[in-house]
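In: just need the structure, nothing else, for what follows:
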Amino acid sequence: MERNINSSNINIRYHSKRDFYENSRALNSSSLQKIWEFSLGCGRSLERSVVSTNPNIRAMSTRIPDVSVHQDTSLSLAAKFSAKYVPFSPYDTTNPTVDEEYSLDEVIYRSKEGKLLDVKHDMDALKRFDGKYWRNLFDSRVGRTTWPYGSGVWGKKEWVLPEISDDDIVSAFEGNTYLLRAERFGHEIAMNDLWVKHCGISHTGSFKDLGMTVLVSQVNRLRKMGMRINAVACASTGDTSAALSAYCAIANIPTVVFLPADKVSDAQLVQPIANGALVLSLDTDFDGCMRLIKEVTAELPIYLANSLNCLRIEGQKTAAIEICQQFEWEVPDWVIVPSGNLGNIYAFYKGFSMCKELGLTDRIPRLVCAQASNANPLYLYYKSGWKDYKPVVARTTFASAIQIGDPVSIDRAVYALRNSDGIVEEATEEELMDACALADKSGMFTCPHTGVALSALIKLREKGVIGPNDRTVVVSTAHGLKFAQSKVDYHSKKISDLECKYANPPLQVKADFGSVMDILRKKLSLT
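Out: Numbering: from 1, shown residues only. Alright, predicted model coming up:
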């Protein structure tokens, strides 16, 4: 039995339970039963989101002048901003697919030819306002409580999802994360202008919040329009599932998560569990989870939330805009981003590119994509001169969130790097853990993925590619507390095959004055 639902030019096809089982043989029957029952059990009547509609919150907001939209009345009167899905075909201007486009209110993940999609904004409408106008508008929204513009993402709403109602937005006021001047770490590698963008200081502890607020907001809009979306699902190595489950919980939208068994830290695993998601731990790696989630979402009214979905890039690109904003709209020389599925390197490029095209800045920084050696398909492709791309079987890495051997956004990443004179670098397990430890000694508390980026920086600095006075931003993608066990193992020297040269284990000392004094004199060089 096949059923179709049409609403606002949206078409979703789903099958009976029998059809679902016959088309999803890769999952065992127990897992299928749980997904099917969870999906059907979520067919509840839609309720208006409580986000931003609480009368106390609204009353508080109205006491502050709304400088966000009405700062210049010509913004609302003279321009109507819009965006749409188009095939990601940046090099293919003669192909008929360049005329292919879809409303953002459609549930679609790929073009007719199977290409990735991109969100294309009406740049002509945005260009009716000059760079100075946009700089002033974005600056005026930082730190405000006026809904939803206090968010670092929604403070750039016109560049993200311009047509969504404020009442449909699901936000935890993510973004607006700080830039740390890494002076002491920079001194260790002879750099004078080094900064770390702490995207992990966010609602769920990772930069994935930036993209998930956009995706879940659009799902919230579609459900209110009457679209049957029973749940939102993702395959994850940890951080994606944490962000998705939290934002869906805010909006009372059910979540399904596919995780690779024994490849996610306890801190990451507990987040979707605590937020009420249906979590399936599967005996495969991330790439296996990704294959299964695509099969399941093709057969059930469940919305796909992985980075195959280009809505997330719209939120993630705001981190690039923030970097420019925090440097008083000056562009750094280098931005280094750790990446696995490769959507984020394209997101940073897109943010910097929009700033340049719309007159907020005058150039694009050089981008560096940093990969773990144990999961490095982009690095190998780069070293081949972009001539021989082959997926790899990702091996275990401490940087588990980028342990991906067949990245969905490979084409997006290559485009971003080619157009920013970019570089790809890799880091071994020892290099990334030593980089983390060295950074932590300077006052940070870095995740292993940030260690990958810092290791890439060290290598490029040693080669002279990055100069001592180049303004460089390293993007920290997650909070170090999510990966505390890796630090415990490092400083305890319990990691086989690693020297752990910066290990700082606690010293066992007798509980008497003389023994304590002897240790202090020795370690502090006291006479």
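In: so where's the protein uncertain?
Out: 1-79, 91-98 (pLDDT under 70).
In: distance from the chain centre to the longest helix anywhere in it, please.
Out: Longest helix of the chain, by residue count under DSSP state H: helix 208-224. The chain centre lies 13 Å from the centre of helix 208-224; the measure is C-alpha atoms, centre = their mean, to the nearest Å.
In: list the buried ones in it?
Out: 208-223 (16 or more other C-beta atoms under 10 Å). For glycine as for every other residue, the C-beta is placed from the backbone atoms N, C-alpha and C.
In: and that helix, what does it pack onto?
Out: With contacts taken as 3 or more C-beta pairs under 8 Å, 6 or more residues apart in numbering; DSSP states H and E, helix 208-224 sits against strand 231-235, helix 239-251, helix 311-316.
In: what helices or strands is the host helix or strand of L380 leaning on?
Out: Taking DSSP states H and E as the criterion, L380 maps to helix 377-383. Secondary-structure packing of helix 377-383 (3+ C-beta pairs under 8 Å, 6+ apart): strand 366-372, helix 410-418, strand 423-427.
In: hmm, try it at 6 Å
Out: strand 423-427 (3 or more C-beta pairs under 6 Å, 6 or more residues apart in numbering; DSSP states H and E).
In: give me the contacts around the strand it packs on.
Out: If you take C-beta atoms under 6 Å, 6 or more residues apart in numbering as the criterion, strand 423-427 is touched by 368-371, 373, 376, 378-379, 382, 452, 455-456, 459.
In: extract the C-alpha set from that strand and format it as PDB.
Out: What follows is strand 423-427, C-alpha atoms only, in PDB (Å, rounded to 0.1, in the frame of the first residue of the first chain):
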ATOM      1  CA  ILE A 423      45.600  23.400   1.500                       C
ATOM      2  CA  VAL A 424      44.900  20.000   3.000                       C
ATOM      3  CA  GLU A 425      47.100  18.700   5.800                       C
ATOM      4  CA  GLU A 426      46.900  15.600   8.000                       C
ATOM      5  CA  ALA A 427      47.800  14.600  11.500                       C
END
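In: and the next helix or strand after it with strand 366-372, angle?
Out: Using DSSP H and E, the helix or strand that follows strand 423-427 in sequence is helix 429-441. Orientation of helix 429-441 against strand 366-372 (axes from the mean of the first three to the mean of the last three C-alpha atoms, to 10 degrees) gives an angle of 120 degrees.
In: I'd like the next helix or strand past helix 429-441.
Out: Following helix 429-441 in sequence, per DSSP H and E, is helix 448-462.
In: how about the next helix or strand after that next one: buried residues?
Out: Using DSSP H and E, the helix or strand that follows helix 448-462 in sequence is strand 472-476. For strand 472-476, the neighbour count (16+ other C-beta under 10 Å) marks 472-476 as buried.
In: just checking, what packs against strand 472-476?
Out: strand 194-198, strand 334-338, helix 448-462.
In: what's that strand in contact with?
Out: In contact with strand 472-476 (C-beta under 6 Å, 6+ apart) are residues 194-198, 200, 323, 332, 334-337, 450, 453-454, 457.
In: strands paired with it, and their directions?
Out: Applying DSSP bridges, strand 472-476 is found paired with strand 194-198 (parallel), strand 334-338 (parallel).
In: using a markdown table, lay out those together with distance to S307.
Out: Listed next are the strands paired with strand 472-476 as a markdown table, based on distance: least, C-beta to C-beta, whole Å:
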| stretch | distance to S307 |
| --- | --- |
| strand 194-198 | 19 |
| strand 334-338 | 14 |
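In: which among those strands is found nearest to K84?
Out: strand 334-338 (26.8 Å; C-beta to C-beta).
In: after the closest one, which helix or strand is next?
Out: Using DSSP H and E, the first helix or strand after strand 334-338 is helix 343-357.
In: who touches the residue nearest the centre of the chain in this structure?
Out: By C-alpha atoms, centre = their mean, the mean C-alpha position of the chain lies nearest to K208, the distance being 3.3 Å. K208 sits next to 239-240, 243 when contact means C-beta under 6 Å, 6+ apart.
In: got the buried residues for the particular helix or strand that has G288 in it?
Out: Assigned by DSSP H and E, G288 belongs to helix 286-299. Buried residues in helix 286-299, counted by 16+ other C-beta under 10 Å: 286-287, 289-290, 292-297, 299.
In: next one: the nearest residue to L126 once chain neighbours are set aside from N252, what distance?
Out: Among residues not flanking L126 along the chain, L358 sits closest, at 5.8 Å (C-beta to C-beta, 6 or more residues apart in numbering). Using C-beta to C-beta, to the nearest Å, we find L358 at a distance of 36 Å from N252.
In: ditto for V331
Out: Per C-beta to C-beta, V331 is found 41 Å from N252.
In: with neighbour numbers in mind, choose between these two.
Out: Neighbour tally, V331 and N252, criterion other C-beta atoms under 10 Å: the higher count belongs to V331, 20 against 16.
In: pretty sure that one sits in a helix.
Out: No: applying DSSP: H, G, I helix; E, B strand; the rest coil, one finds V331 to be coil, outside a helix.
In: thought it was touching R363?
Out: Yes: at 5.3 Å, V331 and R363 qualify as touching, with contact defined as C-beta atoms under 6 Å.
In: next, V257: phi, psi?
Out: phi -130, psi 130 (degrees, to the nearest 10).
In: export the contacts of K208 to JSON lines and tack on neighbour count and distance to V86?
Out: Conversion of these to JSON lines gives the following (neighbours: other C-beta atoms under 10 Å; distance: C-beta to C-beta, whole Å):
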{"residue": "D239", "neighbour count": "29", "distance to V86": "28"}
{"residue": "T240", "neighbour count": "27", "distance to V86": "24"}
{"residue": "A243", "neighbour count": "33", "distance to V86": "26"}
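In: just send those back as JSON lines, with distance to P90 too.
Out: What follows is those, written out as JSON lines (distance: C-beta to C-beta, whole Å):
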{"residue": "D239", "distance to P90": "28"}
{"residue": "T240", "distance to P90": "25"}
{"residue": "A243", "distance to P90": "27"}
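In: closest to V270 among these?
Out: D239 (12.9 Å).
In: quick one, what contacts I458?
Out: I458 neighbours (C-beta under 6 Å, 6+ apart): I189.
In: just to revisit the earlier point, closest to A399 out of the buried residues of strand 472-476?
Out: S476 (12.2 Å).
In: so what's the closest one closest to, chain neighbours aside?
Out: T450 (4.2 Å).
In: how close does that neighbour sit to I336?
Out: The value you get for T450 to I336, if C-beta to C-beta is used, is 10 Å.
In: between those two, who's got more neighbours?
Out: Neighbour tally, T450 and I336, criterion other C-beta under 10 Å: the higher count belongs to T450, 32 against 29.
In: is it correct that R228 is in contact with P301?
Out: Yes: R228 is in contact with P301 according to C-beta under 6 Å; the separation is 4.9 Å.
In: quick one: which of these two has more around it?
Out: Higher neighbour count among R228 and P301: P301, with 20 against 16, using other C-beta under 10 Å.
In: gap between that one and A231?
Out: 8 Å.
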